[in-house]
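K.L.:
When you get a sec, could you give me coordinates for this:
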Amino acid sequence: MALTADEVRYIAKLARVALSDAEVERLGGELSTILDHFQVLNDIDTSDVPPTAQSFDLHNVERPDETRPSAPLEDVLLNAPRREDDYIRVRGVLD
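P.N.:
Purely as a prediction, here's the structure:
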């Protein structure tokens with residue numbers, strides 16, 4: 001499928017890429033080759049292949065939730081840039 005120079009310029013405009021005339025000519029050939037490869041894939045008969053989202057079975061690996069003690073408060077607040085009592089102080093983000 002050979003692309004015209006106008007089609008290449010249109011694709012470049014959609015991608016917001018400026019191309020010189022030499023680049024339009026070179027990329028037109030390269031894009032046409034890519035589209036030819038996709039056409040080969042489109043010609044493959046996949047009517048007997050069931051649609052799938054994964055090519056192999058997935059299994060969730062889960063562990064039970066178990067409580068455990070958290071880090072000591074002083075260790076948590078040690079690197080806080082600002083703190084207020086036992087809390088990390090941050091700048092306001094909402095008016």
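
K.L.:
From now on I want contacts and neighbour counts done on CA atoms only, so please keep to that.
P.N.:
Fine.

K.L.:
from the chain's centre, how far out does the helix or strand harbouring Val8 sit?
P.N.:
Assigned by DSSP states H and E, Val8 belongs to helix 5-14. Its chain's C-alpha centre and that of helix 5-14 lie 24 Å apart, by CA atoms, centre = their mean, to the nearest Å.

K.L.:
Give me the contacts around that helix.
P.N.:
The contact list for helix 5-14 (CA atoms under 8 Å, 6 or more residues apart in numbering) reads 18-19, 24-25, 27-28.

K.L.:
Next, give phi and psi for the residue of the chain most remote from its centre.
P.N.:
Centroid-distance maximum for the chain: Asp85 at 41.6 Å, with CA atoms, centre = their mean. The phi/psi pair for Asp85 (degrees, to the nearest 10) reads phi 60, psi -120.

K.L.:
how much space between it and Ala71?
P.N.:
17 Å (CA to CA, to the nearest Å).

K.L.:
ditto for Val8
P.N.:
Here Val8 is placed at a distance of 59 Å from Ala71 (CA to CA).

K.L.:
and these two? which has more neighbours close in?
P.N.:
Ranked by neighbour count (other CA atoms under 10 Å), Val8 and Ala71 place Val8 first, with 21 against 8.

K.L.:
Spell out, range by range, the helices that occur in the chain.
P.N.:
5-14, 21-42, 73-77 (DSSP state H).

K.L.:
Among those, which comes closest to Leu94?
P.N.:
The closest of those to Leu94 is helix 73-77. By CA to CA, the value is 23.7 Å.

K.L.:
List the contacts of the closest one.
P.N.:
83, 86-88.

K.L.:
how does it look with 7 Å?
P.N.:
For helix 73-77, the external contacting residues (CA atoms under 7 Å, 6 or more residues apart in numbering) are Ile88.

K.L.:
Repeat that for stretch 34-51.
P.N.:
Met1.

K.L.:
10 Å - rerun?
P.N.:
1-3, 28-33 (CA atoms under 10 Å, 6 or more residues apart in numbering).

K.L.:
Then stretch 60-71?
P.N.:
Val76.

K.L.:
in this protein, which segments are predicted with low confidence?
P.N.:
Scanning the chain for pLDDT under 70 picks out 53.
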